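>>> requesting a structural model of the entry that follows:
(one chain, ligands or ions: 1)
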Amino acid sequence: MKKATIWFLTIIMALTFCGLLYLQIMYMKNIIRMRDDQFSEGVRRSLYSVSTTLEQDETRHFLEEDAAAIEQSIYSQLDASLPGKDALKYSFPKADNLDVKPLTERSGSKVNKDRYRNMQENIRGQYLYQKGLLNEVILNILSQSSNRPIVERADSATVAGYLHSEFENNGLNLPFEFAVVNRSGRVIYSSSGYEANHAGKNNMFVQTLFPNDPVSKMNYIKVYFPTKKDYIFSSVKFMIPSFIFTFILLVIFLYTIIIAFKQKRLTEMKNDFINNMTHEFKTPISSISLAAQMLNDDSVRKSPTMMQHIATVINDETKRLRFQVEKVLQMSMFDRQKATLRLQEIDANKAIANIVSTFKLKVESYGGKIESDLAAYDAIVEVDEMHFTNVIFNLLDNAVKYRREDEPLMLKVATADISGNRFEIRISDNGIGIKRDDLKKIFEKFYRVSTGNRHDVKGFGLGLAYVHKMVTELKGDIRVESELGIGTTFIIILPLTKN
Ligand code: ADP
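Numbers count the residues shown, from 1 in each chain. I've put the predicted structure just below:
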């Protein structure tokens, strides 16, 4: 797949995800808003009902208060004129019509007629009297009610009870706190948990109590619901799995994209590797074939010095070829799950000293120097000697490959004891150094720093990957410290054998 195609797919997928997330968030927001509106509507309706009920209660209170007086006066006035209280009681509801005809019709005598006429007059007078009293009651309500203390007009228990039942009727079964406050905002009484500043923004509902009171004497009921948020959010809980699924999809998508880019890079690196390898093999092969052609020449065959020279060339080039093949073979290590190591206890100090002395010639041929400071007291490690030698050799080889042209090569190999039954090997050089960004990647398979691509410095990008793999297999650690243009130090830490 082309890089552009991967990018194109990434952008399309990213846009799709953003759209999907946007729609989900908008949908959730709408549900929350609708639920909030419904909730507020329910609360307002309940509070209005509570306020109306309290007004009705107050009217009833005044009526009941005056009913006793009315009843008393009716009885006292009718007692003298009427045949019995029962008659009054039964005719009272019909007072509006004042249709007392049947009574008149029933009696035949003139005396009876007069008597019932008197009674009719009495009832009419009584009706007007009651009407006057009722008017008085209404006037009382209008003029006196606002003078009564609010705690009498709407006591705390009644208000709480009304609120509770109204909220329940409207399906708002959640705890609430309330307070009755006067016009200046002073709390007259409140529920035990009421804390005005706990209500939160837009969560306090206010309803005027007794709206017909004069403005200066107005009282208000304030209500808030401490668990309103949870109540509202409970309606969108079902959206949570959809968010989780989207998130999982997003993670999988990102992971796939990363893998695609990694694969892409790996393919490019492999192509570079094949190009490099072909180039590396071509040079010794052509030198050897040239030498073989020369051997066919009689004059050459007759000259022992020429023969000697050709033999040296063939030998050197074969060595070079073998070394390259060895490097490529090392690559097969990576594809196996676990390398088969022939572990044996060796003295790392001794092994390193041998490698250094072998390497001395090579360093000196480049006009450089190699020093060793093998100070580790205990350096007995259990390793595969061949791989251990390869590791040290690869690092030394790199130090030579990536030397600075303007500075004589200075190489140092040191060992030292460290805590935790381990010891360290430091291989330092004064070469070209490695950029901070590249430091993280140099242990990756096929990775080569671009400067490493100088035509005279060839490689496969496998040396350090092999070193890292081997050190890890030996339960050790490797890290690198480097400064561009100053030098590089590779630090290997290996566990010592127990005894
Ligand atoms: P290569 O075959 O390219 O040498 P390596 O895996 O051995 O592959 O090294 C990876 C890269 O790390 C090299 O391309 C080189 O740029 C950088 N590198 C390794 N060792 C050194 C060093 N001692 N000094 C500077 N750069 C180094």
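>>> wait, what's in contact with whichever residue of the stretch 201-350 of the chain sits closest to the ligand?
Nearest residue of the stretch 201-350 of the chain to the ligand, counting by CB to the nearest ligand atom: K327, 7.7 Å away. Any C-beta I mention is one placed from the backbone N, CA and C, and that applies to glycine too. K327 is in contact with F460, L462, G463, counting by CB atoms under 8 Å, 6 or more residues apart in numbering.
>>> ok, those residues vs the ligand, which is closest?
The nearest member of the contacts of K327 to the ligand, counting by CB to the nearest ligand atom, is G463 at 2.6 Å.
>>> isn't that closest one right up against I392?
No: applying CB atoms under 8 Å as the test, G463 and I392 come out as separate, 11.8 Å apart.
>>> now do the strands in the stretch 151-300 of the chain.
177-182, 187-190, 205-209, 219-224 (DSSP state E, counting those that start in this stretch).
>>> still on that earlier bit, out of the contacts of K327, which touch the ligand?
The residues of those that also fall near the ligand, by CB under 6 Å from any ligand atom, are F460, L462, G463.
>>> who's in contact with the last one?
Listed by CB under 8 Å, 6+ apart, the contact set of G463 reads K327, N394, D397, N398.
>>> if we use 7 Å, what do you get?
Contacts for G463 (CB atoms under 7 Å, 6 or more residues apart in numbering) come out as N394, N398.
>>> who's in contact with whichever residue of the stretch 251-400 of the chain sits closest to the ligand?
In the stretch 251-400 of the chain, the residue that lies nearest the ligand is N398 (3.4 Å; CB to the nearest ligand atom). The contact partners of N398, taken as CB under 7 Å, 6+ apart, are G463.
>>> any idea which element it lies in?
helix 385-401 (DSSP states H and E).
>>> what is the mean pLDDT for that helix?
In this model, helix 385-401 has an average pLDDT of 89.
>>> got it, and stretch 413-433?
Averaging pLDDT along stretch 413-433 yields 93.
>>> how about residues contacting that stretch?
The contact list for stretch 413-433, computed with CB under 7 Å, 6+ apart, reads 348-349, 352, 356, 372-379, 395-396, 399, 402-404, 407, 410-412, 451, 482-496.
>>> and it, how far out from the chain's middle?
Here stretch 413-433 is found 43 Å from its chain centre; the criterion is CA atoms, centre = their mean, to the nearest Å.
>>> again with stretch 356-365
The answer for stretch 356-365 is 57 Å, by CA atoms, centre = their mean.
>>> quick check: buried residues in that stretch?
V356, F359, V363 (16 or more other CB atoms under 10 Å).
>>> do the same with stretch 397-407
Judged by neighbour count using 16+ other CB under 10 Å, the buried positions of stretch 397-407 are D397, N398, A399, V400, K401, Y402, R403, R404.
>>> likewise for stretch 233-243?
Neighbour-count burial for stretch 233-243 flags S235, V236, M239 (criterion: 16+ other CB under 10 Å).
>>> avg pLDDT for that stretch?
Here the average pLDDT along stretch 233-243 is 87.
>>> next one: stretch 186-194
91.
>>> start to end distance for that stretch?
End-to-end distance for stretch 186-194: 13 Å, by CA to CA, to the nearest Å.
>>> may I see the buried residues of that stretch?
Quick answer for stretch 186-194 (16+ other CB under 10 Å): I188, Y189, S190, Y194.
>>> separation between Q207 and V180?
The spacing between Q207 and V180, counted by CB to CB, to the nearest Å, is 10 Å.
>>> per-domain residue ranges of this protein.
What automatic domain parsing lists as the domains of the chain is 1-84+104-233, 240-333, 341-495.
>>> mean neighbour count, those domains: which tops it?
Mean neighbour count (mean count of other CB atoms under 10 Å) peaks for domain 341-495 among the domains of the chain, with a mean of 17.
>>> off-centre distance for stretch 55-68?
Distance, stretch centre to chain centre, for stretch 55-68: 61 Å (CA atoms, centre = their mean).
>>> and the residue of the stretch 1-150 of the chain found nearest the ligand, what does it touch?
The stretch 1-150 of the chain approaches the ligand most closely through K3 (22.5 Å), counting by CB to the nearest ligand atom. Counting by CB under 7 Å, 6+ apart, K3 makes contact with K264.
>>> give me the most central residue, this structure.
Centroid check for the chain by CA atoms, centre = their mean gives F247 as the closest residue, at 9.7 Å.
>>> output the below-cut-off pLDDT ranges for the stretch 251-400 of the chain.
Low-confidence segments of the stretch 251-400 of the chain, defined by pLDDT under 70: 330-339.
>>> how much space between E345 and L494?
E345 is 12 Å from L494, where distance means CB to CB.
>>> with I258 instead?
Taking CB to CB, one finds I258 at 33 Å from L494.
>>> what's the distance between the closest residue to the ligand within the stretch 351-499 of the chain and I442?
Closest contact between the stretch 351-499 of the chain and the ligand, by CB to the nearest ligand atom, is at G459 (2.1 Å). Per CB to CB, G459 is found 11 Å from I442.
>>> circling back to that earlier point, now the helix holding N398, how far from the centre of its chain.
Remark: helix 385-401 is offset 46 Å from the chain centroid, using CA atoms, centre = their mean.
>>> same question for stretch 347-361.
54 Å.
>>> sorry, back to before: state the pLDDT value of the residue of the stretch 1-150 of the chain closest to the ligand.
Confidence for K3, expressed as pLDDT, is 78.
>>> what's the distance between the residue of the stretch 251-400 of the chain closest to the ligand and I434?
For N398, the distance to I434 (CB to CB) stands at 10 Å.
>>> which residue packs closest to S40, ignoring adjacent ones?
Among residues not flanking S40 along the chain, F205 sits closest, at 7.3 Å (CB to CB, 6 or more residues apart in numbering).
>>> correct me if wrong: that neighbour contacts V223.
Yes: between F205 and V223 there is a contact under CB atoms under 7 Å: 4.8 Å.
>>> need the overlap of contacts for those two.
Counting by CB under 7 Å, 6+ apart, the shared contacts of F205 and V223 are V43, L47.
>>> from the chain's centroid, how far away is stretch 342-351?
How far stretch 342-351 lies from its chain's middle: 51 Å, per CA atoms, centre = their mean.
>>> can you check stretch 115-135 too?
Its chain's average C-alpha position is 81 Å from that of stretch 115-135, according to CA atoms, centre = their mean.
>>> next one: stretch 477-488
On CA atoms, centre = their mean, the centre of stretch 477-488 falls 38 Å from the chain's centre.
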